[in-house]
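> Sequence plus the predicted model coming up.
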Amino acid sequence: MSARTPTHVGYAVSDLEAAARWWASVHGAGPFLALPPTPYDEVAHDGEPATLSHRLAFGQWGPIAIELQEYGTAEPSSLAEALIPPGGGINHVSYLVDDLGAEQVRLERHGLPELFSARSGPVELAYHAAAGLGHAIEVLQRNELLVDFYAEVERASRGWDGTEPLRAA
């Protein structure tokens, strides 16, 4: 059996800046690298086109990255309900795979149906429902861009003095 090592834990937050400050001050996580808003080229939910926009920032917390997601639009409402826990909180745990389609089939075979899939340039991903966990599983197609970005997030944390907890990636 192949290990699926988590790359990050994603949190839905109402205020990206405040969440980055909180994680930095309470847990020493960071700095959080904010990605420029990038619309998805494709989003599908329940087999139909959907709309999703959010601001993202990633910071390192010990051996794992934390993703903060401030949602702008998530439509239809069933997609928003699946992604945004009431009051915020963990909405996914993520890992990279070499074959996204094969991993989606494997997850569905284990009773984890797809919540949504999306593509933005070279980044392809799918969220799968994980009943009983309280959050989704995000699977990302491994590519050099993502591997390099996670390495950049980790490098930024080395020797970080706690100042400027949210900065541009």
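Nice, thanks for sending it over. Numbers count the residues shown, from 1 in each chain.

> D98 and V139 touch, don't they?
No. No contact is recorded between D98 and V139 when judged using Cβ atoms under 8 Å, the distance being 10.9 Å. All C-beta atoms are positioned from the backbone trio N, CA, C, and that covers glycine.

> mind showing which ranges of the chain have poor pLDDT?
Within the chain, the ranges that satisfy pLDDT under 70 run 1-2.

> For it, which segments count as helices?
Taking DSSP state H, the helices of the chain run over residues 16-27, 77-83, 100-109, 144-157.

> Nearest approach to L52 belongs to which of the ones you listed?
Closest of the helices of the chain to L52 is helix 77-83, at 6.9 Å (criterion: Cβ to Cβ).

> can you list contacts of the closest one?
By Cβ atoms under 8 Å, 6 or more residues apart in numbering, the list of residues contacting helix 77-83 from outside reads 12, 45-46, 50, 52, 71, 74, 91, 115-116, 127, 129, 136.

> What of stretch 29-41?
Where contact means Cβ under 8 Å, 6+ apart, the residues beyond stretch 29-41 that reach it are 16, 20, 23-24, 52-53, 55-61, 66, 68, 118-121, 152-153, 156-157, 160, 162, 164-169.

> can we see that at 6 Å?
With contact meaning Cβ atoms under 6 Å, 6 or more residues apart in numbering, stretch 29-41 is reached by 20, 23-24, 52, 56-59, 61, 66, 118-120, 153, 156, 160, 165-169.

> what distance separates the start and the end of stretch 106-126?
The straight-line separation of the ends of stretch 106-126 (Cα to Cα, to the nearest Å) is 13 Å.

> Pull out the buried residues from that stretch.
Residues 106-107, 112, 114-119, 123-126 are the ones in stretch 106-126 that count as buried (16 or more other Cβ atoms under 10 Å).

> before we move on, what about stretch 156-169?
Within stretch 156-169, the residues scored as buried using 16+ other Cβ under 10 Å are 156-157, 160, 165-166.

> Likewise for stretch 28-48?
Within stretch 28-48, the residues scored as buried using 16+ other Cβ under 10 Å are 29-34, 40, 43-45.

> Out of the helices of the chain, which gets nearest to T7?
T7 lies closest to helix 144-157 among these, at 5.7 Å (Cβ to Cβ).

> neighbour count winner among D98 and V139?
The neighbour comparison of D98 against V139 (other Cβ atoms under 10 Å) goes to V139, with 26 against 10.

> now that one: how far from L100?
Shown here: V139 relative to L100, a distance of 6 Å by Cβ to Cβ, to the nearest Å.

> try Y150
From Y150 over to L100 the distance is 17 Å, taken as Cβ to Cβ.
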